[in-house]
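K.L.:
Show me the folded form of this:
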Amino acid sequence: MNQINPKKLLNSKWTAVNPVKKELHFMVTDLLLNEDNEVGECTLEAIMTRRSKVINWQDLKNSAHWLQGWK
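P.N.:
Below you'll find the model as predicted:
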């Protein structure tokens, strides 16, 4: 289980454990806030292809799918 501080999530770097389409390294480029001004979702951008996807930021805590930093 990865420890994440939502205030330091923006511009953080992540490595996918099971890369899809050679997308291994990602960076958090945007945070989507809910009505209580808390982080709800984040936008991950693949470094190699520049494709973006929106995920729930809590999913990054799962170390079976994501590793902190670029490994």
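
K.L.:
And the strands in the protein, which stretches?
P.N.:
Using DSSP state E, the strands assigned to the chain run over residues 13-20, 23-33, 39-46, 52-56, 66-68.

K.L.:
Let me know which of these is tucked in deepest.
P.N.:
Highest mean neighbour count of the strands of the chain: strand 39-46, a mean of 18 (counted as mean count of other Cβ atoms under 10 Å). C-beta: built from backbone N, CA, C; applies to glycine.

K.L.:
how about residue 1, what does it touch?
P.N.:
By Cβ atoms under 8 Å, 6 or more residues apart in numbering, the contact set of residue 1 is 61, 62, 63.

K.L.:
out of those residues, which is most surrounded?
P.N.:
Using other Cβ atoms under 10 Å as the neighbour criterion, residue 61 leads the contacts of residue 1 with 13 neighbours.

K.L.:
ok, that one - contacts?
P.N.:
With Cβ under 8 Å, 6+ apart, residue 61 has these contacts: 1, 2, 3, 4.

K.L.:
could you dump the strands of the chain to CSV with mean pLDDT?
P.N.:
Shown next, in CSV, are the strands of the chain (pLDDT from 0 to 100):
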stretch, mean pLDDT
strand 13-20, 96
strand 23-33, 96
strand 39-46, 95
strand 52-56, 96
strand 66-68, 96
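
K.L.:
What is the burial count for residue 38?
P.N.:
Residue 38 - counted by other Cβ under 10 Å - has 10 other residues nearby.

K.L.:
Wait, it touches residue 6, no?
P.N.:
Yes - counting by Cβ atoms under 8 Å, residue 38 touches residue 6, with 7.3 Å between them.

K.L.:
and the contacts of residue 61 as a markdown table, adding distance to residue 12 and pLDDT?
P.N.:
Shown next, in a markdown table, are these (distance: Cβ to Cβ, whole Å; pLDDT from 0 to 100):
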| residue | distance to residue 12 | pLDDT |
| --- | --- | --- |
| 1 | 16 | 84 |
| 2 | 10 | 84 |
| 3 | 12 | 88 |
| 4 | 8 | 89 |
